[in-house]
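[1] dropping the sequence and predicted coords here.
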Amino acid sequence: MADRKPIESWLTDMDGVLIHEGVPIPGADAFVKRLRESGKPFLVLTNNSIYTPRDLHARLRRMGLDVPIDSIWTSALATAKFLDDQRPGGSAYVIGEAGLTTALHDIGYILTDHDPDYVVLGETRTYSFEAMTKAVRLINAGARFICTNPDETGPSAEGPLPATGAVAALITKATGKQPYFAGKPNPLMMRTGLNAIGAHSETSAMIGDRMDTDVLAGMEAGMQTFLVLTGLTRPEQVEDFPYRPSQVVDSIADLVERV
């Protein structure tokens, strides 16, 4: 690998890196503590758009991980930033939870099903046929189709759940319109996050557990990338991809001393 500048800011995925099924991964608490003590800017990222940063802060704190609210960056926030840049003060028909609706309210968007500028699809546990039908009709009538993230399934205690990407595929099949995905692996999510903390890609690193989202997005944003093996991507799968992370490590515990 070519010589890189020292890492001055860190971005890390949440699920599979810091926590797994609601339990902190060993070393996560030490990593977050070291980040806070260092004074270096950092963000914890998630493609999940259900929760607000305040919600996630509380959930992580209950697990012993004290991540400031301002250090949490979700696909809902990335989506809101994108829409605010594209069409300030616009309107949207939203399928999603509080994390997404709050982010859009905060940028001054009007949430409506009457001739909206956008249909915005996010994560929810209560996808309804009625809401999807309304989304299809609004897109056919000219609303632009935006989606928080392309994840096709999500985890649950009972097994995989259909997620945003799967529902987006249904709407695309019915309308012939592809959505714009704002979350990972779109490097836009990384760049807007870096801008939010005043960081630069050439001196930043991304930590993730997935080659196809975390490492890809970090690489395309021009960051150093670290793959941890505590999540979805297994060691033998790394060579299946046409790109590589800067480094593969067993877990977040191996990066504490790098901060």
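    Looks like it came in fine.

[2] low-confidence ranges, the protein, go.
    Applying pLDDT under 70 to the chain picks out residues 1-3, 157.

[3] what are the ranges of the helices in it?
    Using DSSP state H, the helices of the chain run over 28-38, 53-62, 75-86, 98-106, 129-140, 164-175, 187-196, 216-220.

[4] which stretch among those comes nearest Arg258?
    Among the helices of the chain, the nearest to Arg258 by C-beta to C-beta is helix 28-38 (9.0 Å). C-betas here are computed from N, CA, C, even on glycine.

[5] show residues contacting that closest one.
    Residues outside helix 28-38 that contact it (C-beta atoms under 8 Å, 6 or more residues apart in numbering) are 10, 12, 17-19, 42, 64-68, 252-253, 255-256, 259.

[6] for ChimeraX, what selects the buried ones among the residues you listed?
    Command for ChimeraX that selects the buried part of these, burial taken from 16 or more other C-beta atoms under 10 Å:
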select :10,12,17,18,19,42,65,67,252,253,255,256,259
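
[7] just flag the most distant two among the contacts of helix 28-38.
    Pro68 and Ala253 (21.6 Å).

[8] look at Thr133 and say how many residues are nearby.
    12 (other C-beta atoms under 10 Å).

[9] please determine how far it is located from Tyr93.
    12 Å (C-beta to C-beta, to the nearest Å).

[10] go on, Ser9?
    Taking C-beta to C-beta as the measure, Ser9 falls 36 Å from Tyr93.

[11] just grab the bridge partners of Ile110 for me.
    When bridges are called by DSSP bridges, Ile110 pairs up with Ser91.

[12] tell me the contacts of it?
    90-92.

[13] the residue nearest the centre of the chain and Val215: what is the separation?
    Nearest to the geometric centre of the chain sits Asn47, at 2.7 Å (C-alpha atoms, centre = their mean). Distance, Asn47 to Val215, by C-beta to C-beta: 14 Å.

[14] do the same with Tyr180
    From Tyr180 over to Val215 the distance is 22 Å, taken as C-beta to C-beta.

[15] and the gap between Val259 and Asp15?
    Taking C-beta to C-beta, one finds Val259 at 21 Å from Asp15.

[16] related to what we said a few turns ago, out of the contacts of helix 28-38, which comes closest to Gly165?
    Nearest member of these to Gly165, counting by C-beta to C-beta, is Val17, at 20.4 Å.

[17] list the contacts of that closest one.
    25, 28, 207-209, 228, 230-231, 252.

[18] tell me which residues touch Asp55, please.
    Applying C-beta under 8 Å, 6+ apart to Asp55 gives the contacts 98-99.

[19] right, I mislabeled it, should have said Gly183
    Contacts for Gly183 (C-beta under 8 Å, 6+ apart) come out as 47, 49, 75, 78-79, 148-151, 189.

[20] again with Ser201
    Here Ser201 is in contact with 190-191, 194, 221-223 (C-beta under 8 Å, 6+ apart).

[21] ok, now with 6 Å
    Shown in contact with Ser201 (C-beta atoms under 6 Å, 6 or more residues apart in numbering): 221-223.

[22] export the residues you listed to JSON lines and tack on neighbour count?
    Converted to JSON lines, the contacts of Ser201 look like this (neighbours: other C-beta atoms under 10 Å):
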{"residue": "Ala221", "neighbour count": "22"}
{"residue": "Gly222", "neighbour count": "14"}
{"residue": "Met223", "neighbour count": "29"}
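
[23] from these, which single one is nearest Pro160?
    Ala221 (28.0 Å).

[24] can you give me the neighbour number for the closest residue to Leu161 other than its chain neighbours?
    Nearest residue to Leu161, sequence neighbours excluded (C-beta to C-beta, 6 or more residues apart in numbering): Gly154, at 4.8 Å. Residue neighbour count, defined by other C-beta under 10 Å, stands at 19 for Gly154.

[25] Ser204 too?
    The number of residues packed near Ser204 is 26, by other C-beta under 10 Å.

[26] same deal with Thr192?
    The number of residues packed around Thr192, counting by other C-beta under 10 Å, is 20.
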